[in-house]
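> Need coordinates for the following:
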Amino acid sequence: MRRSPAVAGQFYHATASKLTQQVEQYINRNAQKEKAIALIVPHAGLIYSGPVAGAVYSSIEFPETFVFIGPNHTGLGAQISLMESGEWEIPTGVIRIDEKVSHKIAMNVPMVTKDVQAHLFEHSLEVQLPFITYLSKEIKIVPIVILSASVKECRMLGEGIAKAVRDVGYPVIIAASSDMSHYVSDEVAKKKDGKAIDRILSLDPEGLYEIVVKERISMCGYIPATAVLFTAKALGAQSAKLVKYSTSAEVSGDYEHVVGYAGIVLR
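Sure thing, here's the model as predicted:
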C-alpha cells in the first residue's frame, strides 16, 4: 500500500515547490560528510526543529536505506509496529520500503508486529522524509514505531536490527526520531536535556533509559533512542557527536514553555 502524508500543511509545506524551498534553507551543501552508523533526529514542525535535523542530514554520507524508529504518539497499533512493505508519499516524492531489511528485522525480533495502522497518522517518521528526499531520490526506508518497551526489549530490538543490517551487507543507517524536553522553561530543558545527551554521547543505552525515567525528562523518543544505541553498539559504534542543539524558544521567543531538539551522529 501507499501511505499518504498525514501532516503535510501542518508540520511542513504541502506543495513540492514550497517544501523544497523550506528544506533547502536547513541544508548545508558545504558540510563535510562522514559515514554514520546511527542518528538521533528531532521531529517537530520544520520551522522549529528543521535547523537541527538539517544539520544532521547535511553531515552524513547517505546510505541505501534508513531504518527509522520513532515513538507512537497516536496509540494505534501494536507495541512495536513495523510497516514491512509498501511506499510512503510526501509532496516531494514517493519513498519505497526496503522489504529485504524489513523482512529480516521481522524474522530476528519476534516481538515486532507487522502493522500498518500505527503508521497512518504518526508524524515522527514522516517529518524525516522531506530531508532525505531532498538529498537522495533513490533512498529506501524501514518504518518502526514503539508504544512502550523495557530496556531488555530495547536491547532485543536493537540487536535484532543490527543483525539484519549485517545480513543485507549494504549501507544502512538507523535513526531514532525524538524531541527532547517538552513544555518546561528553556533553562530547565537545557539542564535536563544535557543529562540525557551525555548518556547518548557515552553510548550508554541503559544509562539513557534510567536517567530519563529517574529525572522525569519528557523526551518522547527515549525508547527508540535506547534501542538505536543498542543497535549502534552492536554494529561497532565507537563515538557520538552532538551536531546541534536548540529549543523552540529560538523561533517562538517563548522561553517559559519550550521543546528541546538534539541532533546526534553515532559512528
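
> What helices and strands are in contact with the lengthiest helix in the chain?
Among the elements of the chain assigned as helix by DSSP state H, the one spanning the most residues is helix 151-168. Helices and strands touching helix 151-168, by 3 or more CB pairs under 8 Å, 6 or more residues apart in numbering; DSSP states H and E, are helix 99-108, strand 172-177, helix 205-215, helix 222-234. C-betas here are computed from N, CA, C, even on glycine.

> make it 6 Å
Using 3 or more CB pairs under 6 Å, 6 or more residues apart in numbering; DSSP states H and E, the elements in contact with helix 151-168 are helix 99-108, helix 222-234.

> Let me know the angle separating the shortest one from strand 172-177.
The one in question is helix 99-108. Computed by axes from the mean of the first three to the mean of the last three CA atoms, to 10 degrees, the angle separating helix 99-108 from strand 172-177 equals 70 degrees.

> strands paired with the next helix or strand after helix 99-108, and their directions?
For helix 99-108, the succeeding helix or strand toward the C-terminus, using DSSP states H and E, is strand 113-114. Under the criterion DSSP bridges, strand 113-114 sits next to strand 80-82 (parallel) in its sheet.

> Look up how far residue 253 lies from residue 41.
24 Å (CB to CB, to the nearest Å).

> Let me see the ranges of the strands in the protein.
Remark: strands of the chain, listed N- to C-terminal, are 2-3, 38-41, 65-71, 80-82, 87-90, 93-97, 113-114, 140-146, 172-177, 182-184, 240-247, 258-266; assignment by DSSP state E.

> ok so, going back, can you give me the buried ones in the longest helix of the chain?
Neighbour-count burial for helix 151-168 flags 151, 153-165 (criterion: 16 or more other CB atoms under 10 Å).

> Same check on stretch 114-122?
By neighbour count on 16+ other CB under 10 Å, the buried set for stretch 114-122 is 115-116, 118-119, 122.

> Turn the residues you listed into a markdown table, including distance to residue 33.
Rendered in a markdown table, the data for the buried residues of stretch 114-122 read as follows (distance: CB to CB, whole Å):
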| residue | distance to residue 33 |
| --- | --- |
| 115 | 34 |
| 116 | 34 |
| 118 | 33 |
| 119 | 29 |
| 122 | 29 |
